[in-house]
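Asker: need a structure here:
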Amino acid sequence: MATVATASSRAKATLGSASGASGGASADRDAELVRRAKRGDGRAYGSLVARYQDKIYRLARRMTATDEDAEDVLQEAFVKAYKSLGTFEGKSRFSTWLYRITVNLALMKLRKRRVDTVSMDVPVSTEEGSAPREFENGRPDPLEALLAKESRDVLDKAIAGLPSGYRAVFVLRHVEELSTEETARILKISVAAVKSRLHRTRILLREQLLRQIRHQRKTGRT
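Answerer: Predicted structure coming up:
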């Protein structure tokens, strides 16, 4: 199997870039490489690794919030994909299948660490339950401001505090900039469920970011 780069310095550099197999990757090219890899062409699988390893690391890093776990997920995702390549029928894009593997492995890491620290039992109704209430009209939205300014360090800390299932939706949709439909296919949930979770996730992030901002102002005065 092709070697996956694991050096932290190289991996960290991918967090701020959109390199790899984003919009420029061709589904037809992926399909051809998959066909060749299934026939035992190691170079073809190596090309798939090269096309996606940066994006897979970035997804894993934002899901797990640690370099060590992200590198583990990166390795495990490509090993599992390689071993399961014969079962890939091409009904979805290779990237969708690989992202699904990565998200599932990351969620397993999170379950083992039990890092879900945000309560999901908070009041505002959505299709999937309740969520915190929205801010008053005209109130500044720190999430929108951070997204616009690309304050990734602060945003990553807030993302790390989300319940794992909601974290996956937000990272795929708003960080990796996949479509709602693609996100739904990766997570095997409905488009309506993606929209509902995104609504709730944004509310949770706003609350966390407001708390961070208040804490920063408080510590800045002391």
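Asker: elements contacting the helix or strand that contains residue 35?
Answerer: Secondary structure from DSSP states H and E places residue 35 in helix 27-38. On a contact count with 3 or more CB pairs under 8 Å, 6 or more residues apart in numbering; DSSP states H and E, helix 27-38 meets helix 42-64, helix 94-113. C-betas here are computed from N, CA, C, even on glycine.
Asker: What residues of the first one count as buried?
Answerer: By neighbour count with 16 or more other CB atoms under 10 Å, helix 42-64 contains the buried residues 44-49, 51-64.
Asker: For residue 191, which non-adjacent residue is spatially closest?
Answerer: Excluding the flanking residues, the one nearest residue 191 by CB to CB, 6 or more residues apart in numbering is residue 184, at 4.8 Å.
Asker: What is the distance between the strand or helix carrying residue 217 and the centre of its chain?
Answerer: Applying DSSP H and E as the criterion places residue 217 in helix 191-221. Per CA atoms, centre = their mean, to the nearest Å, the displacement of helix 191-221 from the mean C-alpha position of its chain is 17 Å.
Asker: mind listing what's buried in that helix?
Answerer: Buried residues in helix 191-221 (16+ other CB under 10 Å): 193-198, 200-210, 212.
Asker: Could you do stretch 157-164 as well?
Answerer: 158-164.
Asker: Take those residues and keep only those in strands.
Answerer: Among the buried residues of stretch 157-164, no member is found in strands (DSSP state E).
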